[in-house]
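> Got a predicted model here, sequence first, then my questions.
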Amino acid sequence: MSNNEECAPTVSVVIAVKNAERYLAECLDSVAAQTFQEFEILVVDGHSTDGTEAIARAYAKVRFLQQDGAGFQNAWNSGVRAAKGRYVAFLDSDDRWSPIKLEKQVAMLDADPALEAVIGTMRFFMEPGEIPPPGFRDRVLGQDHVAQMPGVLMVRPRLFEKIGLWGEDWQIASDIDWFLKLKDSGLPVGVVPDLLLHKRVHSRNLSYVTASDRIYPTEVLRLLHESIERKRAAARSQG
């Protein structure tokens, strides 16, 4: 084993940011407080004009990168390409992890080499003083459920070679598209039953603000069409 391999972190944590100073310290605090500490943090910045960079650089284990494209999908992909870890995890800059998040998922992946990814349980919480954004169903607040979203995901990097990186041609549904590809692939995915992610709800949540406009149903139709085509192609190859 080379010296570089010996020094490589177990987990690369990818955080996409743009003018994220309001919540970023709380987000990074939740990573720093993990019970499993063998990680690096890749903060991928979309050319912020506020104090985002100074906040990020104040934390140990942070590598601060400027993305070479635009959009959160491009930032995630930039982080994946720069990652040195055996596993890759993702966290939105306005959310926070439970302290056991990395420990539980690393243990599950280490125990079963056949698993390509692990997801887990999340809980929404409302930012004090905010009202729910358009498109958000407030009845889900305070309820824990297994989620297919980047904030509860940990993957082996080889999975991106099998099903692709995050699609950069989506305005809203890039994460939905990726998880649908994962489901259609039939590759094994583990589930940690513990609460791993606390997802903040506020008026600037991109996914809920934009879900109420005309872009969302158009992209949903495209998702369904592409999923059907993948399944047909898989059936033809098996036949």
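Thanks, I have the structure now.
> Please count neighbours and contacts with C-alpha atoms only from this point.
Noted.
> just checking, what packs against the strand of greatest length in the chain?
Ranked by number of residues, the top strand in the chain under DSSP state E is strand 189-201. The contact analysis (3 or more C-alpha pairs under 8 Å, 6 or more residues apart in numbering; DSSP states H and E) places strand 189-201 against strand 96-97, helix 101-111, strand 117-126, strand 144-147.
> for those, which one ends up most surrounded?
Greatest average neighbour count among these goes to strand 96-97 (a mean of 24), per mean count of other C-alpha atoms under 10 Å.
> just checking, what packs against that strand?
helix 24-32, strand 189-201.
> Quick one: mean pLDDT over that strand.
Strand 96-97 shows a mean pLDDT of 98.
> Next: stretch 41-56.
97.
> buried set for that stretch?
For stretch 41-56, a neighbour-count test (16 or more other C-alpha atoms under 10 Å) marks Ile41, Leu42, Val43, Val44, Asp45, Gly46, His47, Thr52, Glu53, Ala56 as buried.
> now, which of these lie within helices?
Thr52, Glu53, Ala56 (DSSP state H).
> just checking, the second one touches Phe64?
Yes. Taking C-alpha atoms under 8 Å as the contact criterion, Glu53 and Phe64 are neighbours in contact, 7.5 Å apart.
> overlap in contacts of these two?
By C-alpha atoms under 8 Å, 6 or more residues apart in numbering, Glu53 and Phe64 have these common neighbours: Asp45.
> Can you read off the pLDDT for Ala233?
So, for Ala233, pLDDT stands at 77.
> again, but for Ile215
Note on Ile215: pLDDT of 73.
> for it, what are its contacts?
Gln171, Ile172.
> follow-up on the earlier one: as a markdown table, the buried residues of stretch 41-56 with distance to Val106 would be great.
Formatted as a markdown table, those follow (distance: C-alpha to C-alpha, whole Å):
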| residue | distance to Val106 |
| --- | --- |
| Ile41 | 16 |
| Leu42 | 18 |
| Val43 | 21 |
| Val44 | 23 |
| Asp45 | 26 |
| Gly46 | 29 |
| His47 | 32 |
| Thr52 | 29 |
| Glu53 | 28 |
| Ala56 | 24 |
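> what's the closest of those residues to Leu28?
Nearest to Leu28 out of those is Ala56 (C-alpha to C-alpha; 7.8 Å).
> Could you pull up the contacting residues of the spatially closest residue to Lys101 that is not a sequence neighbour?
Spatially, and ignoring its direct neighbours in sequence, Lys101 is nearest to Leu196 (5.0 Å; C-alpha to C-alpha, 6 or more residues apart in numbering). By C-alpha under 8 Å, 6+ apart, the contact set of Leu196 is Trp97, Ser98, Pro99, Ile100, Lys101, Gly120, Thr121, Met122, Val152.
> any idea how far the fifth one lies from Gln73?
The reference is to Lys101. 22 Å (C-alpha to C-alpha, to the nearest Å).
> ok, now the second one?
Applying C-alpha to C-alpha, one obtains 24 Å for the distance of Ser98 from Gln73.
> Who has more neighbours out of those two?
Taking other C-alpha atoms under 10 Å, Ser98 and Gln73 do not tie; Gln73 has more neighbours (21 against 17).
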